[in-house]
Structures are given as structure tokens and as C-alpha cells.
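Visitor: Sequence and predicted structure are below.
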Amino acid sequence: MFETVARYWEAAGRCGAPRNVAQVNVALGPTAAAARASIRAYYGFTGDTDRMVAGLVTEPAALRATVRAFADRGVDEVVCYHWPGNPIRWSGSRTWGSPDRHCRCAPLTSCA
């Protein structure tokens, strides 16, 4: 998908490169069971509930691997929706930080 966006971006004559943002559902620690129930309820209307629940990242090592995989594909920012709780972010200059809900955000970048 990111390659397709880049082609359309270039074809439209836009400056620089598109800002690619990815999203992952995360439940680190003892919240995994509650997270699965919340995700099932939230995505219940889509008909894609089982896939969304299966995609929940529950281990720090898996989160690091997921974020690295997105970075390797050219993603500029990963938004981690922490279930249950508030989103956490890693962004900018491929400084992905530690998968910890208390991590600091790297500075966001923009097209000049």
C-alpha cells in the first residue's frame, strides 16, 4: 500500500514524500483479556472482528518487531492504540523508542 501511495503522490507532482502512518492495537501486561473483549465489541459491526482480535500485540518483543517491520517498509509514524487506554506514539527519524506506554514521543517531522 505504501508503494501505491508514493506512486500517486509523485504522479500528482507533490513535493517530498508522503507521510506514512500505521496503526497497531496493543495491550501490554495484564490487560490482554480486557483488550480482546473491547476490540471484539468495538469492531463487532465490521464482520472482521476475529482478524482484529488476532492482530492484537500483547508482548513487548512482538511490539518492537512490529514497529521495526513498519519502519523497514518506510513508515514515518506508528500509532499504537493501547487497549484499554490512550494511544502511544513513536515517530520521526526512525527513532522508534521502547514499547512502553510511558515512552516519550520523538519530534514530528514535516515537508518543508
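Guide: Thanks, I have the structure now. Residues are numbered from 1 along each chain as shown.

Visitor: Look at the residue lying farthest from the centre of the chain and tell me its secondary structure.
Guide: Of all residues in the chain, the one whose C-alpha sits farthest from the chain's mean C-alpha position, using Cα atoms, centre = their mean, is residue 13 at 27.5 Å. Here residue 13 is coil, with the state taken from DSSP: H, G, I helix; E, B strand; the rest coil.

Visitor: Model confidence for it, exactly?
Guide: pLDDT for residue 13: 92.

Visitor: Could you list which residues are in contact with it?
Guide: For residue 13, the contact set (Cβ atoms under 8 Å, 6 or more residues apart in numbering) is empty. C-betas here are computed from N, CA, C, even on glycine.

Visitor: Please determine how far it is located from residue 43.
Guide: Computed with Cβ to Cβ, to the nearest Å, the distance linking residue 13 and residue 43 is 37 Å.

Visitor: Which residue ranges of this protein form helices?
Guide: Using DSSP state H, the helices found in the chain span residues 2-11, 32-42, 49-54, 60-72.

Visitor: would you turn those helices into JSON lines with mean neighbour count?
Guide: Formatted as JSON lines, the entries for those read as follows, by neighbours: other Cβ atoms under 10 Å:
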{"stretch": "helix 2-11", "mean neighbour count": "11"}
{"stretch": "helix 32-42", "mean neighbour count": "15"}
{"stretch": "helix 49-54", "mean neighbour count": "13"}
{"stretch": "helix 60-72", "mean neighbour count": "15"}
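
Visitor: right, and those - which one's nearest residue 84?
Guide: With Cβ to Cβ, the closest approach to residue 84 among the helices of the chain belongs to helix 32-42: 5.6 Å.

Visitor: Which elements pack onto the closest one?
Guide: Using 3 or more Cβ pairs under 8 Å, 6 or more residues apart in numbering; DSSP states H and E as the contact definition, the elements that helix 32-42 packs against are helix 49-54.

Visitor: Identify the residues contacting the residue most central in space within the chain.
Guide: Among the residues of the chain, the smallest C-alpha distance to the mean C-alpha position (Cα atoms, centre = their mean) belongs to residue 23, namely 2.7 Å. Neighbour list for residue 23: 78-81 [criterion: Cβ under 8 Å, 6+ apart].
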